[in-house]
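Engineer: need a 3D model of the following:
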Amino acid sequence: MIEFHTVMTNLLMPPLAPLLGLLLAFFLRFSPEGSLLGRFALPLAVISFAVLWISATPAFSSWLGKRLGDAPDLAGVSPEAVVILGGGRYRDGETGSERLSATSLERVLWAAQQAPKKLPILVSGGRVYRDERAAESQLMEALLEDKLSRTVSWRDDCSRTTAENAVNSAGILRGADVKSIVLVTHWWHMPRAAAVFNDAGLQVQPLSVGSAAELLPRAQGGVLRRVPSAAALLRTQTYWRELLGQAWYRFRPLPPIRKC
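Structural biologist: The predicted structure follows:
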């Protein structure tokens, strides 16, 4: 199911969507001369190429990132716990060894440095794919306790999505009579994450990793703003996925607590 969800999401985003447009234009080019489908080939190719080019420019990725909005910051909330959301892992397919991705590492380190030291910590993240060994929360717990001298009070080992992060964490914290949290995730993920955690019944004080001010690195100013790059395309894909996720969550009910 997760694999199907990933494929369908990629169909709506660059680079796959415009590449499929170019492929379709190539096949339409061989339609009978003068046919309606044949006349669509060149416009479709031009549009697909333009979408791919624009999507890979720092100027567009910066503009798209600003469309994500801000997470609501509930003034006056006295948080009772810290919740850190996992952001993926790296896995060696030959040896099976696993470690936290750069995104997950940034979140854990940010929480260890910036979150109130007196608050208990919940780490949230399970096994997204079947061949993964440890839950992501276990990898985060090991880093926090073994390297950063921070005790983890609770683990959500089962969630695979942000919505499952929210309902599973709320279920765990409800048993500890915790109603308000400091939520740690990246700034581009925070609007969607904070909204779904609020829907799950937790008051959220956002503690975002980074900010939208990072959108356009100084090395990509001037004319380089409009020159395609792999880094800009990756950012575009990240922000576009978040916008799709925000729209999807707006019309979907919360899932049940996931057991594993």
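Engineer: Gln114 - nearest residue in space that isn't next to it in sequence?
Structural biologist: If the residues on either side of it in the chain are set aside, Gln114 comes closest to Leu207, at 5.9 Å by CB to CB, 6 or more residues apart in numbering. In short, each C-beta sits where N, CA and C put it, glycine included.
Engineer: same question, Leu144
Structural biologist: Arg150 (4.4 Å).
Engineer: so the one you found sits right up against Ala112, yeah?
Structural biologist: Yes: here Arg150 reaches Ala112: they are 5.4 Å apart, a contact under CB atoms under 8 Å.
Engineer: how far away is the most centrally placed residue in the chain from Thr162?
Structural biologist: Residue closest to the average C-alpha location in the chain (CA atoms, centre = their mean): His189, at 5.4 Å. Remark: distance between His189 and Thr162 (CB to CB, to the nearest Å) = 7 Å.
Engineer: with Glu98 instead?
Structural biologist: The value you get for Glu98 to Thr162, if CB to CB is used, is 21 Å.
Engineer: cool, Leu85 as well?
Structural biologist: Taking CB to CB, one finds Leu85 at 7 Å from Thr162.
Engineer: same for the helix ranked longest in the chain, what does it pack against?
Structural biologist: If you go by DSSP state H, the chain has its longest helix at helix 230-251. Helix 230-251 makes packing contacts with helix 58-65, helix 162-175, helix 190-199 when contacts are defined by 3 or more CB pairs under 8 Å, 6 or more residues apart in numbering; DSSP states H and E.
Engineer: ok, now which ones touch Phe91?
Structural biologist: Let me fix one detail, which is that residue 91 is Arg and not Phe. Ser97, Glu98, Asp131, Glu132 (CB atoms under 8 Å, 6 or more residues apart in numbering).
Engineer: among these, which lie within strands?
Structural biologist: Residues of these located in strands (DSSP state E): Glu98.
Engineer: check pLDDT for the contacts of Arg91 and point me to the minimum.
Structural biologist: Ranked by pLDDT, the contacts of Arg91 bottom out at Asp131 (87).
Engineer: neighbours around it, how many?
Structural biologist: By other CB atoms under 10 Å, 8 other residues sit near Asp131.
Engineer: before we move on, what about the one 4 residues further on?
Structural biologist: When counting by other CB under 10 Å, one arrives at 23 neighbours for Ala135.
Engineer: from Leu42, how far out is it?
Structural biologist: 51 Å.
Engineer: quick one: the strands in this structure, in order.
Structural biologist: Ranges of strands in the chain, per DSSP E, are 81-85, 89-91, 98-100, 121-124, 154-156, 180-186, 203-209.
Engineer: would you agree Asp70 is in contact with Pro191?
Structural biologist: Yes: counting by CB under 8 Å, Asp70 does reach Pro191; the two are 6.4 Å apart.
Engineer: for the chain, what helix or strand is lowest in average pLDDT?
Structural biologist: When the helices and strands of the chain are scored by mean pLDDT, DSSP states H and E, helix 2-11 comes last with a mean of 79.
Engineer: where are the low-confidence patches of the chain?
Structural biologist: By pLDDT under 70, the low-scoring segments of the chain are 1-3, 74-75, 215-221.
Engineer: if we go to 80?
Structural biologist: Along the chain, the model assigns pLDDT under 80 to residues 1-5, 33-34, 72-77, 213-222.
Engineer: circling back to that earlier point, quick one: the strands of the chain as CSV, columns for distance to Ser62 too.
Structural biologist: Putting those into CSV (distance: least, CB to CB, whole Å) gives the following:
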stretch, distance to Ser62
strand 81-85, 24
strand 89-91, 27
strand 98-100, 27
strand 121-124, 30
strand 154-156, 33
strand 180-186, 16
strand 203-209, 17
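Engineer: looking at those, which is closest to Phe4?
Structural biologist: strand 89-91 (20.2 Å; CB to CB).
Engineer: anything in contact with each of Arg150 and Ala112?
Structural biologist: Common neighbours of Arg150 and Ala112 (CB under 8 Å, 6+ apart) are Leu144.
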